[in-house]
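Visitor: mind folding the following:
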Amino acid sequence: MPLVLLTLLIGLMTYWVINNRLSKAKTPVPLWLIWLVMMAPILVFTVWMNVGDGNPPPAILLYGLMAGSTLFLYTTLVVSSVQAKQRAMDTAQQSADGPKKELPPAKKEPTNPLSRDEETLLQRCFPWSTYYLQNIEYLPQAMICKGKLKTSPQEAYKTVQKNVESSFGDRFLVLLQEGLNGTPFFALVPNPQAKNAMQALPASATPAQIAQLKKYSQRQVTRPVLAAVLALVTLLTTTFVGSVLVGGIDDPAALQAEPELLLPGLAYSLSLMFILGVHESGHYLATRYHRLKATLPYFIPIPFFLGTLGAFIQMRSPIPNRRALFDVGISGPLAGLIVSLPILAWGLANSTVVPLSEASQLLSFDSLNPSRSIALLVMSKLALGQTLQADSAIDLHPLAISGCLGLIVTALNLMPVGQLDGGHIVHAMYGQRTAIIVSHVARVLMLVLAYAYQEFLFWALFLLFVPAAQPALNDVSELNGPRDFLGLVSLALLVIIILPAPASLQGLLL
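Guide: Presented below is the predicted three-dimensional model:
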């Protein structure tokens, strides 16, 4: 039954992503069919496990479904892109040929959203010594300003953004992107948050009134009551699941009769929520450092599995540049890892060594095989010493379970895919085009790893549905040396957490 509920939850999340990402793409395939194809591997796995004898379906079947789903999705998106381009070309050709003689001229809205005076004003926003503007291309959703960069991307962006704000206020968002040929260009898009409550204040408003409105707006963004309620519910669900994982108690009546059975679950719950909370707080503090609007961390409670699906924050402001994108992306995993390691070390030191068996895997908390992760093997050997041998597994203490999950959450978020933290890091380091290629390679490698280690199968399926990352406003300015080095360190951490320990290292430590 928990597997069915988890599948239902994944299905709802997947449909929400598809409906938000593809509803305006005008694909030739209905959205429900795209959802069904994407969910096919998970649906087959769930039905097989509940109808069959409890054994998982053949790996070749799941991999065939995943390959077919991926091919279908990419084909659908490519066909949609080709059709959109063809419609745009037809419209452009029709406009160039003019209206047919037998039909009266149709009244069309002008493509150019600016008046002649505003267009002149826009051209003055690009000083020739900063960005030599050559032409402006007016599209339905943006104005593309093409030219030649005469100074550093960061200086050019600051100058143009300041000029646009002084001339047009907050009417447009200014983007500096890189074209397919590597040439930087500016784009102006309508600002969806241009009309806000601050503009409705009278000119005679006092500073106290303005400060009060800003404080109210910030409370609307953070929603502290919702964050507190979700945290409380997650505390309850993780405490119950922790009692089940550690003590094997799954009957609420037994917990009511003996409340002390909740203590191991409470240790698991508090430590896990602390790790997840610190992870998201790292993101939140980074957004505050760069003066971006974001919600407080929201926990996701579920009454099964691990008791939670993690936590998240919602960005309410566009990312201004790649440095801010990098800082927001890397702050969470590093903060979570810093608190996970001492919790894991203390938990491993108080765990019990048991004989290694066929059931020993990475997520078998009562018989964990430490060699399934380089980082976990090193930590286990440092904590347990000579007690841990080559034929040993570990029955984890509740805090060790939380620390182990902290490592896994860190590795999952460091995967260089789409909107995950690792995807943001690679995007900030190497640019959007390279990040897209790395995302596809990472998905394929995870599928290969899942073929050898079944516990990574859900992980690999999850990565297939991660949406692409959004570029920063200034997506051209590069990082500095310390940030590049820190990004490489984060990718190295991903490798040592996710990869199993090689035989040479096992022979050295065990």
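Visitor: give me the pLDDT for residue 251.
Guide: Looking at residue 251, its pLDDT reads 61.
Visitor: which SS state does residue 358 fall under?
Guide: For residue 358, the assignment made with DSSP: H, G, I helix; E, B strand; the rest coil gives coil.
Visitor: give me phi/psi at it?
Guide: phi -70, psi -20 (degrees, to the nearest 10).
Visitor: likewise residue 411?
Guide: Torsion angles, degrees, to the nearest 10, at residue 411: phi -60, psi -40.
Visitor: same question, residue 393
Guide: Dihedral angles (degrees, to the nearest 10) for residue 393: phi -120, psi 180.
Visitor: bridging residues for it?
Guide: Counting by DSSP bridges, residue 393 forms beta bridges with residue 354.
Visitor: who's in contact with it?
Guide: 353, 354, 355, 356, 357, 360, 364, 367, 368, 369, 370 (CB atoms under 8 Å, 6 or more residues apart in numbering). (Each C-beta comes from the backbone N, C-alpha and C, glycine too.)
Visitor: how near is the last one to residue 356?
Guide: Spelled out, it's residue 370. Remark: distance between residue 370 and residue 356 (CB to CB, to the nearest Å) = 10 Å.
Visitor: more neighbours: which of the two?
Guide: A side-by-side neighbour count of residue 370 and residue 356, using other CB atoms under 10 Å, places residue 370 first with 28 against 18.
Visitor: does that one touch residue 376 like I think?
Guide: Yes. Counting by CB atoms under 8 Å, residue 370 sits close enough to residue 376 to count as a contact (5.0 Å).
Visitor: coming back round to it: need the contacts of residue 393 in a markdown table with distance to residue 405, can you?
Guide: Below are those laid out as a markdown table (distance: CB to CB, whole Å):
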| residue | distance to residue 405 |
| --- | --- |
| 353 | 20 |
| 354 | 19 |
| 355 | 24 |
| 356 | 21 |
| 357 | 22 |
| 360 | 17 |
| 364 | 13 |
| 367 | 16 |
| 368 | 11 |
| 369 | 16 |
| 370 | 15 |
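Visitor: now which of the residues you listed would you call buried?
Guide: Among the contacts of residue 393, those classed as buried by 16 or more other CB atoms under 10 Å are 356, 360, 364, 367, 368, 369, 370.
Visitor: pretty sure the fourth one contacts residue 392?
Guide: No. Proximity of residue 367 to residue 392 does not meet the contact threshold set by CB under 8 Å, at 10.0 Å.
Visitor: for the closest residue to residue 281 other than its chain neighbours, phi and psi?
Guide: Once flanking residues are discounted, residue 281 sits nearest to residue 297: 6.2 Å by CB to CB, 6 or more residues apart in numbering. When read as degrees, to the nearest 10, the backbone of residue 297 gives phi -60, psi 130.
Visitor: residue 297 reaches residue 226, doesn't it?
Guide: No. In this structure residue 297 lies outside contact range of residue 226 using CB under 8 Å: 11.0 Å.
Visitor: neighbour count winner among these two?
Guide: residue 297 (24 against 12).
Visitor: tell me the contacts of the more buried one?
Guide: 227, 276, 277, 280, 281, 283, 284, 311, 312, 313.
Visitor: let's see which of those residues end up in strands.
Guide: If you go by DSSP state E, those have 311, 312 in strands.
Visitor: domain boundaries for the protein, per the record?
Guide: Annotated domains of the chain cover 2-83, 116-192, 222-509 [automatic domain parsing].
Visitor: state the mean pLDDT of stretch 275-290.
Guide: Averaging pLDDT along stretch 275-290 gives 93.
Visitor: low-confidence ranges, the stretch 101-250 of the chain, go.
Guide: 101-112, 193-222, 247-250 (pLDDT under 70).
Visitor: now with 80, please.
Guide: 101-114, 140-141, 180-182, 192-223, 245-250 (pLDDT under 80).
Visitor: one step back: who touches both of residue 367 and residue 392?
Guide: 354, 356.
Visitor: distance between the helix or strand containing residue 329 and the chain's centre?
Guide: Following DSSP states H and E, one finds residue 329 within helix 322-349. Helix 322-349 has its C-alpha centroid displaced from the chain centroid by 16 Å (CA atoms, centre = their mean, to the nearest Å).
Visitor: ranges for the helices of the stretch 51-200 of the chain?
Guide: Remark: helices assigned in the stretch 51-200 of the chain by DSSP state H, counting those that start in this stretch are 59-97, 116-123, 153-168.
Visitor: one step back: for the helix holding residue 329, name the packing helices and strands.
Guide: helix 262-289, helix 374-384, helix 398-414, helix 421-430, helix 481-498 (3 or more CB pairs under 8 Å, 6 or more residues apart in numbering; DSSP states H and E).
Visitor: and it, average pLDDT?
Guide: Helix 322-349 comes out at a mean pLDDT of 94.
Visitor: any buried residues in it, and which?
Guide: 322-337, 339-341, 343-348.
Visitor: next one: stretch 393-400
Guide: Of the residues in stretch 393-400, those buried (16+ other CB under 10 Å) are 393, 394, 396, 397, 398, 399, 400.
Visitor: out of the domains of the chain, deepest packed?
Guide: Comparing the domains of the chain by mean neighbour count (mean count of other CB atoms under 10 Å), domain 222-509 comes out on top with a mean of 19.
Visitor: list the contacts of residue 177.
Guide: 184, 185, 186, 187, 432, 471, 475, 476.
Visitor: mind putting those into TSV with distance to residue 237?
Guide: Formatted as TSV, these follow (distance: CB to CB, whole Å):
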residue	distance to residue 237
184	48
185	49
186	48
187	44
432	38
471	36
475	39
476	44
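Visitor: out of those residues, what pair is the most spread apart?
Guide: 186 and 432 (15.8 Å; CB to CB).
Visitor: point out the other helices and strands that the one helix or strand residue 38 maps to packs with.
Guide: Under the criterion of DSSP H and E, residue 38 resides in helix 31-51. Applying 3+ CB pairs under 8 Å, 6+ apart, we find helix 31-51 packed against helix 2-22, helix 59-97, helix 457-464.
Visitor: can you tell me which of those has the worst average pLDDT?
Guide: helix 59-97 (a mean of 58).
Visitor: low-confidence stretches in the stretch 301-450 of the chain?
Guide: Ranges of the stretch 301-450 of the chain meeting pLDDT under 80: 303-305.
Visitor: if you set the cut-off to 90 instead, what comes out?
Guide: Scanning the stretch 301-450 of the chain for pLDDT under 90 picks out 301-318, 356-372, 384-392, 395-398, 418-419, 431-434, 436-437, 440, 443-450.
Visitor: so what's the closest residue to residue 362 other than its chain neighbours up against?
Guide: In space, and not counting its chain neighbours, residue 362 is closest to residue 372: 4.0 Å by CB to CB, 6+ apart. Neighbouring residues of residue 372 by CB under 8 Å, 6+ apart: 361, 362, 453, 455, 500, 501.
Visitor: look up phi and psi at residue 294.
Guide: The phi/psi pair for residue 294 (degrees, to the nearest 10) is phi -150, psi 160.
Visitor: what of residue 306?
Guide: Dihedral angles (degrees, to the nearest 10) for residue 306: phi -100, psi 0.
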